[in-house]
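>>> Sequence and computational prediction follow.
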Amino acid sequence: MSKDITYYAPTGGHPPQTQLLTDRAVLTEAYAIIPKGVIRDIVTSWLPFWDDTRLWVLARPLTGFAETFAQYIMEVSPGGGSDKPDTDPNSESVLFVVKGQIEVTIDGEKHVMEEGGYAFLPPQVKWTLRNNSKDIANFHWIRKHYQAVEGIPYPEPFVTNEKDIEPVVMPDTEGRWTTTRFVDMSDMRHDMHVNIVNFEPGGVIPFAETHIMEHGLYVLEGKAVYRLNQDWVEVEAGDYMWLRAFCPQACYAGGPGRFRYLLYKDVNRHPALKLSGL
């Protein structure tokens, strides 16, 4: 893949009174679309022990919505960050930088992460995060309650950048559909994968995928038409999609440029045989 890749990062703000309120936002039983136009100042949140930081919550465990994960877009001002970023010792995290630069210290080892930077943080690891640059930094923070299995150790933390990873070409696609994978699919220590899916113009998912995995998709670059359940929806850079388990899904990336998204999915564990609260 060419190195001239781009990443969309929100800027917040507030629309003028003259703007039409009609937009593409939708919430159904099978999927949700959160378009970039609704990621505004009025819907920001804040977290304990984070300085000079605000965030947009894209997904959270909720009846009828995401069940296995939470996803934020973090905005850290210069000098901001946290020495106590996550108060849940059982959560695992993926960080993915889309704007600026952050410094993440994991068990005492400092890592400078720039755009395209990816960090995996297992449960109970000690980490901190700071923006020591002069510009705002944006990164995705995906959190999941780790499903430990007796006899399988926790995965190790690591930091990398997508530019240093060769995408895997999907079979019979002539290179139009590739996936940037950060974790070995057969590694049973991991119960979630956060990948980047890449489509060149004309690339398609040529069938309606229908599967157990829940998805969160954030469009990093380009535009496409997505088939969700029985609906065709247009999405573009900055949009977010949540897909419930077994929601039929397909995609056509018509161009003119490349279409890419950050993809979450839960993997490698038995489905729970008892609903929570029962």
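Received, thanks. Numbers count the residues shown, from 1 in each chain.
>>> For Leu217, list the residues it contacts.
Listed by CB atoms under 8 Å, 6 or more residues apart in numbering, the contact partners of Leu217 are 197, 240-243, 261-264. The way it works is simple: take the backbone N, C-alpha and C, and place the C-beta from them, glycine included.
>>> can we see that at 7 Å?
When contacts are counted by CB atoms under 7 Å, 6 or more residues apart in numbering, Leu217 touches 240-241, 261, 263.
>>> Which single one of those is nearest to Ser93?
For those, the minimum distance to Ser93 (CB to CB) is 16.0 Å, reached by Leu263.
>>> per-residue confidence averaged over the strand or helix carrying the closest one?
Using DSSP states H and E, Leu263 maps to strand 259-266. Mean per-residue pLDDT for strand 259-266: 98.
>>> Kindly report the same for stretch 171-187.
96.
>>> Can you mark which positions in it are buried?
177-178, 180, 182-183 (16 or more other CB atoms under 10 Å).
>>> likewise stretch 49-68?
Across stretch 49-68, burial judged by 16+ other CB under 10 Å covers 50, 53-56, 58-59, 66, 68.
>>> Repeat that for stretch 115-124.
Buried residues in stretch 115-124, counting neighbours by 16+ other CB under 10 Å, are found at 115-123.
>>> re earlier: with distance to Glu92 as extra columns, can I get the buried residues of stretch 49-68 in CSV?
Formatted as CSV, the buried residues of stretch 49-68 follow (distance: CB to CB, whole Å):
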residue, distance to Glu92
Trp50, 19
Thr53, 20
Arg54, 23
Leu55, 18
Trp56, 21
Leu58, 18
Ala59, 15
Ala66, 15
Thr68, 12
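>>> now Gln249: how far from Ser133?
Distance, Gln249 to Ser133, by CB to CB, to the nearest Å: 37 Å.
>>> Alright, that wraps it up for me.
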